[in-house]
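1. Here is my input; please provide its structure:
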Amino acid sequence: MNAFDVAIVGGGPAGSACAWKLRQSGLDVVVIDKAVFPRDKLCAGWITPQVLDDLDIDPNEYRQGRTFQAITGFRVGVIGNGDTVDASYGRAVSFGIRRCEFDHYLLCRSRARLRLGTAIASIRRDGSRWVIDEAISAPMLVGAGGHFCPVARMLDGSPDRAPRVAAQEVELPIDRKGCAVGGEAPELYFCPDFKGYGWCFRKGDYVNVGFGRVDWRALPEATNRFVTFLKTTGRMAADPSTWRWRGHAYLLAGFRQRRAVGDAVLLAGDACGLAYPQSGEGIRPAIESGLMAASTIVNASGRYTRDRLEPYGRQVRERFGSGMMGHLLSQLVPDGMSSGVALRLLDTPWFVRRIVLDRWFLHARDAALV
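-> Residues are numbered from 1 along each chain as shown. Model prediction:
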């Protein structure tokens, strides 16, 4: 039996950020993940300057041998309508990354001990310690393994009725003649009913195309309409019949989050259901919740009762809960007039820049944790 101070299930941004912060405080940490890193993880994949500040990442160091695409603007439109609004900031407001590189970088940088490539078969409580697969024990457990995290299921079950986003995407190398999308300006195209959107994001010699929607049953048909739209408008020349789509699902913050705190256990990131409800973006909430979880663990000074860990639950609710601006996009548009309202709003440069981009996607007003 290998003993540690903290066991973290999940090696993505939430788990790596938590491990990094805990190791700075001298705790012995193990990160457990069923994947072997670098893993093939698809994601539209952009991070804001606040994420760099949260993790104290030097951009010049990170970009050495890795994709780090400066984003200085966006193109926004409605699927089925050729009109778009171009918003230019004249400076980098976000940075495109490839998750296969970013997640591996964060995990190695955490300096935690790693147990990779094996799915967890059992988690049980033995006195004051957690025992995982009869091989690892720790007095403190963190669940950061995404929507299907075994720690989240153990703590709070599966919130089947909670609003969730279903998405599918593809990331592929492409030559410059095959993609009309510029790397500095990702393109976002909303459904007329505001229940989802598609994106096309060029990052160096790779392009990520994806579509996410709250109504998961309509996802395949809506994705096909989006891909057809990209072809007919000349945004993509590649043959989509050859694409290998990957699918995933996750919960949205502010609706039915999983219970984040238990005795000697915390949840972070998608395991807790913290993706931003307006955009579905989850990298920054994952990283910041991982950092908040680590600070709570350190402050508990080895006494991991639920009442001593509850400050983390309050922090999560305050930063990512129902008090945040807005709700689902679909709630902004009444039934029966969705198409007309969407076309008018998304044809307004002020609305696109100040609301859609600054508030929903960039969260420009939300300072970093540090």
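
2. for the residue lying closest to residue 25 once chain neighbours are set aside, helix, strand, or coil?
-> Leaving out its chain neighbours, the residue that sits closest to residue 25 by C-beta to C-beta, 6 or more residues apart in numbering is residue 298, at 4.7 Å. For glycine as for every other residue, the C-beta is placed from the backbone atoms N, C-alpha and C. Assigned state for residue 298: helix (three-state reduction, DSSP: H, G, I helix; E, B strand; the rest coil).

3. can you map out the helices along the protein?
-> 13-24, 49-55, 59-62, 99-109, 150-156, 219-232, 283-300, 306-320, 338-345, 349-351 (DSSP state H).

4. Which of those helices has the highest mean neighbour count?
-> Most buried of the helices of the chain, by mean neighbour count (mean count of other C-beta atoms under 10 Å): helix 13-24, with a mean of 27.

5. Need the residues that contact that helix.
-> 5-6, 8-9, 29, 31, 33, 54-55, 102-103, 106-107, 109-112, 142, 144-145, 268-271, 283, 286-291, 293-295, 297-298 (C-beta atoms under 8 Å, 6 or more residues apart in numbering).

6. Quick check: the gap between the residue lying closest to residue 86 once chain neighbours are set aside and residue 281.
-> Take residue 86 and drop its neighbours on the chain: the residue closest to it by C-beta to C-beta, 6+ apart is residue 75, 5.2 Å away. Relative to residue 281, residue 75 is positioned 18 Å away (C-beta to C-beta, to the nearest Å).

7. do residue 270 as well
-> Residue 270 is 11 Å from residue 281, by C-beta to C-beta.

8. and if you look at residue 196?
-> Distance from residue 196 to residue 281, by C-beta to C-beta: 14 Å.

9. residue farthest from the centroid of the protein?
-> residue 127 (34.6 Å; C-alpha atoms, centre = their mean).

10. So which residue is dead centre in this protein?
-> Central residue of the chain (C-alpha atoms, centre = their mean): residue 282, at 2.2 Å.

11. Kindly tell me how buried the nearest residue to it once chain neighbours are set aside is, as a neighbour count.
-> In space, residue 282 comes closest to residue 275 once its chain neighbours are excluded; the distance is 3.9 Å by C-beta to C-beta, 6+ apart. By the measure other C-beta atoms under 10 Å, the count of residues near residue 275 is 26.

12. do the one 4 residues further on as well
-> When counting by other C-beta under 10 Å, one arrives at 22 neighbours for residue 279.

13. Against residue 222, how distant is it?
-> For residue 279, the distance to residue 222 (C-beta to C-beta) stands at 17 Å.
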